[in-house]
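K.L.:
pasting the structure only:
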């Protein structure tokens, strides 16, 4: 069991155990079970910056997983994650001491099952959906743009912008075929891995892909 206390002013406790995640406040307690969990939304915020400009990708020489391992005691980045079930949402972030430990545990538990579910969806429906991103063996679709055949895809990439964006780039085009904010894409780590397994060129994975074997 992992239990974290609030670091910011106020009362609160975050608990992760074999049943799921529980966030307790002064007047309210909210829980979500591992089996109920359908998706997560991962975010990074630069200390001292608010709003959209606060979401930041780490540089190319680092990864989120490395940062989560080494972020304790540092204040450059603030991490957050939102967990979503069918009827429940639960968010926690840097306001809890050592929140990196909790985020790592969530990703460790969810990563493999989410990838397995995406591949099962591919077999059954021919496409794996991650919110606005739809990955098929023949084409990819992002947002409301028309599907782009795989042979025309230059890359599915994470772009280091403010906020970080997931982009589909087409051969011969300087501008993205389609793009959305990274934190609008559920289970983004699984999405990148599934895209790569389908043969799409994937760039920017070094910003996000966790080294699960080190957990």
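P.N.:
Cool, got the structure. Predicted, not measured: the structure shown is a model, and the values here were computed from it. Numbers count the residues shown, from 1 in each chain.

K.L.:
pLDDT weak spots in this structure?
P.N.:
8, 44-77, 207-215 (pLDDT under 70).

K.L.:
can you pull out the helices in this protein?
P.N.:
64-70, 99-125, 188-197 (DSSP state H).

K.L.:
name the stretch among those helices that sits most buried.
P.N.:
helix 188-197 (a mean of 22; mean count of other C-beta atoms under 10 Å). The C-beta positions use only the backbone N, C-alpha and C, and glycine is treated the same way.

K.L.:
counting contacts, what elements does it pack onto?
P.N.:
Applying 3 or more C-beta pairs under 8 Å, 6 or more residues apart in numbering; DSSP states H and E, one finds that helix 188-197 makes contact with helix 99-125, strand 127-130, strand 133-136, strand 153-159, strand 202-203.

K.L.:
what residues sit buried inside the fourth one?
P.N.:
By neighbour count on 16 or more other C-beta atoms under 10 Å, the buried set for strand 153-159 is 153-159.

K.L.:
mind putting those residues in a markdown table, distance to residue 180 included?
P.N.:
Converted to a markdown table, the buried residues of strand 153-159 look like this (distance: C-beta to C-beta, whole Å):
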| residue | distance to residue 180 |
| --- | --- |
| 153 | 16 |
| 154 | 17 |
| 155 | 15 |
| 156 | 12 |
| 157 | 12 |
| 158 | 11 |
| 159 | 11 |
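
K.L.:
of these, closest to residue 199?
P.N.:
The closest of the buried residues of strand 153-159 to residue 199 turns out to be residue 153 (C-beta to C-beta; 9.4 Å).

K.L.:
partner residues bridging that closest one?
P.N.:
residue 170 (DSSP bridges).

K.L.:
isn't it up against residue 170?
P.N.:
Yes - in this structure, residue 153 is within contact of residue 170 by C-beta atoms under 8 Å, at 6.6 Å.

K.L.:
identify the contacts common to the two.
P.N.:
Common contact partners of residue 153 and residue 170 (C-beta atoms under 8 Å, 6 or more residues apart in numbering): none.

K.L.:
contacts only, for residue 203.
P.N.:
155-158.

K.L.:
that one bridge partners, please.
P.N.:
residue 157.

K.L.:
please report how far it lies from residue 167.
P.N.:
As judged by C-beta to C-beta, to the nearest Å, residue 203 and residue 167 stand 9 Å apart.

K.L.:
overlap in contacts of those two?
P.N.:
In contact with both residue 203 and residue 167: 155-158, using C-beta under 8 Å, 6+ apart.

K.L.:
which ones are touching the residue nearest to residue 97 when sequence neighbours are not counted?
P.N.:
Nearest non-adjacent residue to residue 97, counting by C-beta to C-beta, 6 or more residues apart in numbering: residue 7, 4.3 Å away. Shown in contact with residue 7 (C-beta under 8 Å, 6+ apart): 94-97.

K.L.:
are any of the residues you listed buried, and if so which?
P.N.:
94-96.
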